[in-house]
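Student: have a look at this fold, sequence not included:
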């Protein structure tokens with residue numbers, strides 16, 4: 001009995017990590033914390049978001065594209081490559097890949113603790129390559145913004161501020177960074193702008 005109790009205490013000291021979930025087709029909905037990997041280049045030829053993240057309970061979500069590309073239809077309007085909607089305290093990370101040909105490459109709405117890193121955005125008549133709307137305590141770091149879009153990054157209605165660091169912009173966008181917030185600090189550091197276009 002004592003041995004079983006000791007074994008139980010030892011086992012409770014370890015956290016069992018769930019296996020990553022492979023994304024093999026779009027559209028795909030993420031509704032639970034965990035790590036999600038793209039299995040290949042993924043294309044969507046219908047009027048939908050590519051990957052939607054709605055997590056009804058707190059917990060970390062990592063979406064790792066593993067160097068692959070999410071492609072939409074440049075001729076469609078109103079859809080996102082990755083749409084993040086109110087994850088209620090969840091930490092959301094989107095990283096390591098390319099997102100192209102959506103109205104919004106990554107869009108996050110009414111949430112916090114969203115981190116986009118090492119993503120190449122290829123605009124093809126996008127409205128925004130990345131948009132934070134009512135998003136706070138979040139960041140976009142080490143990303144490349146290329147191609148045509150109205151905005152590279154649009155930041156609206158943040159309450160505590162966001163951070164943008166080590167990003168590059170090729171100047172193909174009409175507006176590189178648009179910020180519409182009141183009394184919220186914003187960090188912009190070590191970004192590279194094409195001086196011939198901006």
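Tutor: Arrived safely, thanks for sending. As the structure is a prediction and not an experimental result, all values here were calculated from the model.
Student: ok, then the element right after the helix or strand hosting residue 130?
Tutor: Per DSSP states H and E: residue 130 is located in strand 114-136. Moving toward the C-terminus from strand 114-136, the next helix or strand (DSSP H and E) is strand 138-141.
Student: direction included, what does that next one pair against?
Tutor: With DSSP bridges as the test, strand 138-141 is paired with strand 114-136 (parallel), strand 162-165 (parallel).
Student: so what does whatever helix or strand comes next after it touch, helix or strand wise?
Tutor: Elements were assigned by DSSP H and E; along the chain past strand 138-141, the next helix or strand is strand 144-156. Packing contacts for strand 144-156, counted by 3 or more CB pairs under 8 Å, 6 or more residues apart in numbering; DSSP states H and E, involve strand 114-136, strand 168-169, strand 173-180. Glycine gets a C-beta too; all of them are placed from N, C-alpha and C.
Student: at 10 Å what do you get?
Tutor: Applying 3 or more CB pairs under 10 Å, 6 or more residues apart in numbering; DSSP states H and E, one finds that strand 144-156 contacts strand 92-100, strand 104-112, strand 114-136, strand 138-141, strand 162-165, strand 168-169, strand 173-180, strand 192-193.
Student: tell me the buried residues in that strand?
Tutor: 144-147, 149-155 (16 or more other CB atoms under 10 Å).
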